[in-house]
Structures are given as C-alpha cells and as structure tokens.
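Participant: No sequence on hand, only this structure:
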C-alpha cells in the first residue's frame, strides 16, 4: 500500500506469461490445445456429428454484368463478366442432389485440374459427449486444410472485414483455415459448413487437383478462448463514488503487444455477419491494426498517414485518432498527410479537411462526431517532425475545428496543445485536454447548434500532479464521468469535476475506446501494448 494525492492505492500485482512481442499476429483462432477433437476426415467422426459430406464441382460461367459507375459500384454500362456456379454458401442451399463423399475419401483428387474450384458441404450436430468431454458451453472451432486454397461459410455467412487474414477467407498456400463456428454451444445444436476449394496458385494454375488434407472440429472450454494475461493493476481510490464505476478487484488484461506506439482505439460494433472488433493506430509504424476478440491481430491499413519521400524525418507519420460516422464509415486523422479522411464503403478515400483558409492543417490528432454528423477534431503540431518549430507549419496556432454542413470552422485556438476530445452525454458540452507541460488542464466548452464553442472554462487542472505525462485521450461514460489520460495514469473525473480515482497499469494509457456489445469494456492504447478493463458503467459510443 502507498499513498498518492491523498488516496489509497489498491495494488493488484498478478504474474502471468507475457504475450509474444510481435505486432502482427495472424493466427485465425488461438492455437491452444483443445479439450476434444472430432476428426471429420474419418467415418467415426462424421457419425459422431450425424453429418454427411456432400461434394460438387464448380463451373466458371459467363454472365451479364455492369461496369463501374460514378459511385464506383457496378452501376455503369452493361458488360459481360465471369461467375461461378453453383453459389452454395447459403445455409439453406439444397445439396441433396450432390455426390455423397465418404469422409475417408476427402483426400480424393477432385475437379479437372488447372483453374478449378469445388464445394464441400456438411451439416454437423453437436454431440452429447465427445469421449469424456461434455461440450455444453464450449467454443467450437472448425479447421480445414484444402490443397490449395479455401473459403469457409458458416451457417450461410462469410464475414468480410478489411485486414482479415485467413479465418473464413483464403489463408495461404495449403494453410489451415481456422474458424470459430460456435460459442457457448449446446448438444443438439446444428452448424452448416460450406467450403469452397480452389486450385492454385491462381496466376499460374497447376495441373494438380483440389483435395482436403485435413478437417477437424475442435472444442475449447470457455476460458480457453478470449482470455488474456492479467497484468499489474493499481486502483487509486480518491472518492467512494469510484466504486460505482470501477468494481473492487477490477484488473487490466493485456490483449496485444509488440507495437511502437498505440493510439486512437475504436470499437467497430458487431453486424449480422461479423463480430465486433477493435481498430487502433500505431502512428510511429504508419499503420492501423485490427484486433478480434479471439486474439487475432492483423494489419487493417498500411501507410495509414503518410507516403512522403521524407518519412524518415517523422516520429509519428501515421494515423492517430479514429472514429465512425453515422453511416459506420471510418474517419481517420492522418498525421503526415495533415488531413482528415473518410474511408468509404467502396474503398475510396475522401478528404474531409486538409486546409483552413488556404493553409495546411498542422497534424489532426483526435476527433469526435456529434449525433447530427458535425465532426470536431483537434489540430496540434505533434505529428510534424519538429513540432511547433517545424518549417512546414502553416497555421500559427493549434486549432480546434468543426466540419459542419460541408464548412470547416475554427472553433477554438486558445490551447497550446489541444489533444483528446469528447462530448458530454447530452452534447451540451465539449471537453478538450491540453497537452502542455505548463498547463495540464481539461477544458469544457458550451456547444452551439452552428458548431461554434462558447464560454470555455477550466474543468479540471492537473498541472501540479506528479508525473511527466501530459493530457492525451478523453472518453466519457453514460453517467457523464470523464476518463482522462493524465499524469501517472487514467484519471476518472465526475461530471462535476471531482477526481474520483486513477487507474494505473504497466504502461501509460494514451487513449481509450468503449467496446464489447454492452459498451462496458474500456480498451486502452498504452504505448507498446493494448489493454482492457471491465467497468460497471457503459461508455458513450457513436
């Protein structure tokens, strides 16, 4: 126990195996040892799941189509294209007329060879027991290795997410596709699997054929998947009201590691076909990464902020803050390119803001959308190689901007280092943190309908607090509490501006994001790692 700023520190130090220091982990599902395996390439395994493999060749057929239109979609002039037949990924696809393929014959060479595709389909039923193992509540993972490539449909779904390496999509040459096909499964539950096989490499179709090297169904206990290393956690309880926010015994988990500097985390909510996932920037590495709840980390976007020839001069050329607009489109603050962009659903990149009154922005840092679509962002010079003294700088101030109805407005220039930014739950106030060693303050501004700010005042002053860290990211929960990256850790402030407590982990958290389906998990981008902690209150999300 030790005291700091008048508060008791609850220290929870737990030993755990550190994660491998590798920033790009691309395993499809955790490669842990399962509790039970069903070999679907054996007759015994197929009988256990009450399944039957069915097989069909795929034809390449010519179809009517349209070329790209002004919207970059297939809305242009009529044309001819190529497709496959049949499309057999749907859960209710009728494969009753297909060939029944004995499990022992999955390794039979199929198709005519060269450029060739085929389908393997099987409906499995979770058994009552697998040997001595009761699968009730477990997680089921389907693993298949197709010679040479495969795509896996589960219950009629083929999730598509940028940065997805493998899983249901092509993993690599003769590489295993590992797909979570069921969580909290129950005996009697049915799962429809459809696997598209392809001969490859596609650019040089070999004379070989398509066949299945292996196919298994692996079962894991619930705690084996989605559980991560618990790390040193210190909760500084300044006010008893913190107990309503941070439960006693709350701990931080380390979920990814090995990065240069993590920033700008953003939770992308679940859809009908994909689970929710976390995006975060590494501005030093010039990349955006994607993390899935199964523990997969992949590159979502390379060269996320800069491709200039002088990139070697930059410490943080990449993207920083990330946000979703009302249509679920990703908005990116690009340091090196000194602009705010939006990634369209078509894959096109739209520049939302790069100049104010003809002068280039400094390096957009953090951002937040108002519910009516107005976009606010901070613009300090921290992404420039020489910061405030950089000769590339064109604006004489560090601004706060609002993009509203297509017009970019300067709504604040009173802070030396405007950084983290967040709305109060009712959107009457905008909070902005100031990264300035001589003035570590959180400002609160009244927000007008036209986007302008008024009556700015110091909401909380951390200037005298011990620690060299300045103010970085800010998030707000549904009760109006603020979570501020400040000196010594993550500060939690009440809506009235009272310091309730501070959370400290092994690395300083620079920005945060509310995640998971219930919004009660706070994800922390903290220097070389990404962490999370479960709280009692949900956060404000788009």
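Facilitator: On my side now, so go ahead. Computed from a prediction, not measured in an experiment: that's the story for all the values here.

Participant: quick one: low-confidence ranges for this protein?
Facilitator: 1-31 (pLDDT under 70).

Participant: which non-adjacent residue is nearest residue 469?
Facilitator: Leaving out its chain neighbours, the residue that sits closest to residue 469 by Cβ to Cβ, 6 or more residues apart in numbering is residue 487, at 4.8 Å. Any C-beta I mention is one placed from the backbone N, CA and C, and that applies to glycine too.

Participant: Next, the contact list for that neighbour, please.
Facilitator: 440, 462, 465, 466, 467, 468, 469, 470 (Cβ atoms under 8 Å, 6 or more residues apart in numbering).

Participant: could you measure the residue lying closest to residue 147 once chain neighbours are set aside against residue 131, distance?
Facilitator: Leaving aside its chain neighbours, residue 147 sits nearest to residue 211 (5.2 Å; criterion: Cβ to Cβ, 6+ apart). Look at residue 211 and residue 131: by Cβ to Cβ, to the nearest Å, they are 28 Å apart.

Participant: So between those two, which is more surrounded?
Facilitator: Using other Cβ atoms under 10 Å as the criterion, residue 211 and residue 131 rank with residue 211 on top: 20 against 11.

Participant: picking that back up, farthest-separated two in the contacts of residue 487?
Facilitator: Greatest spacing in the contacts of residue 487, by Cβ to Cβ: 466 and 470 (13.3 Å).

Participant: Those two: who's more crowded?
Facilitator: Shown here are residue 466 and residue 470; by other Cβ under 10 Å, residue 470 has more neighbours (21 against 10).

Participant: show me what contacts the more buried one?
Facilitator: 417, 419, 434, 435, 436, 437, 440, 486, 487.

Participant: If we use 10 Å, what do you get?
Facilitator: Residues in contact with residue 470 (Cβ atoms under 10 Å, 6 or more residues apart in numbering) are 382, 417, 419, 433-440, 462, 485-487, 510.

Participant: Make sure residue 383 is actually in contact with residue 311.
Facilitator: No. With contact defined as Cβ atoms under 10 Å, residue 383 does not count as touching residue 311 (11.8 Å).

Participant: Need the overlap of contacts for those two.
Facilitator: Joint contacts of residue 383 and residue 311 (Cβ under 10 Å, 6+ apart) are 305, 317, 318, 336.

Participant: Which of the residues you listed sits closest to residue 241?
Facilitator: So of the shared contacts of residue 383 and residue 311, ranked by how close each gets to residue 241 (Cβ to Cβ), first place is residue 318, at 38.2 Å.

Participant: quick one: the closest one and residue 431, what's the gap?
Facilitator: The value you get for residue 318 to residue 431, if Cβ to Cβ is used, is 25 Å.

Participant: Residue 193 too?
Facilitator: 48 Å.

Participant: ok, now residue 158?
Facilitator: Counting by Cβ to Cβ, the gap from residue 158 to residue 431 is 41 Å.

Participant: the more surrounded of the two?
Facilitator: Legend: neighbour count by other Cβ under 10 Å for residue 158 and residue 431, higher for residue 431 (22 against 16).

Participant: so who does that one touch?
Facilitator: 368, 420-424, 442-445, 459-460, 474-476, 482, 484, 493.

Participant: before we move on, what about residue 271?
Facilitator: So residue 271 contacts 159, 160, 161, 328 (Cβ under 10 Å, 6+ apart).

Participant: Also residue 440?
Facilitator: Counted by Cβ under 10 Å, 6+ apart, residue 440 has contacts 417, 433-434, 460-465, 467, 469-471, 484, 486-487.

Participant: Now go through those residues and say which are in strands.
Facilitator: Among the contacts of residue 440, the ones falling in strands (DSSP state E) are 433, 434, 460, 461, 484, 486.

Participant: Mind putting these into JSON lines with distance to residue 375 and neighbour count?
Facilitator: Output for the ones in strands among the contacts of residue 440, formatted as JSON lines (distance: Cβ to Cβ, whole Å; neighbours: other Cβ atoms under 10 Å):
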{"residue": "433", "distance to residue 375": "18", "neighbour count": "30"}
{"residue": "434", "distance to residue 375": "20", "neighbour count": "26"}
{"residue": "460", "distance to residue 375": "25", "neighbour count": "21"}
{"residue": "461", "distance to residue 375": "28", "neighbour count": "13"}
{"residue": "484", "distance to residue 375": "21", "neighbour count": "29"}
{"residue": "486", "distance to residue 375": "25", "neighbour count": "27"}
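
Participant: of those residues, closest to residue 218?
Facilitator: Out of the ones in strands among the contacts of residue 440, the member with the shortest distance to residue 218 (by Cβ to Cβ) is residue 484, at 42.9 Å.

Participant: if I look at residue 394, how far off is residue 363?
Facilitator: Taking Cβ to Cβ, one finds residue 394 at 11 Å from residue 363.

Participant: Now for residue 43, how many residues are close by?
Facilitator: 11.

Participant: which residues does it contact?
Facilitator: Contacts of residue 43 by Cβ under 10 Å, 6+ apart are 102, 103, 104.

Participant: could I get the residues you listed as CSV with distance to residue 174 and secondary structure?
Facilitator: Listed next are those as CSV, based on distance: Cβ to Cβ, whole Å; DSSP: H, G, I helix; E, B strand; the rest coil:
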residue, distance to residue 174, secondary structure
102, 23, coil
103, 20, helix
104, 20, helix
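
Participant: how close does the nearest residue to residue 270 once chain neighbours are set aside sit to residue 133?
Facilitator: With Cβ to Cβ, 6+ apart as the criterion, residue 270 has its nearest non-adjacent residue at 4.2 Å, and that residue is residue 276. From residue 276 across to residue 133, the span is 29 Å (Cβ to Cβ).

Participant: Could you do residue 316 as well?
Facilitator: 49 Å.
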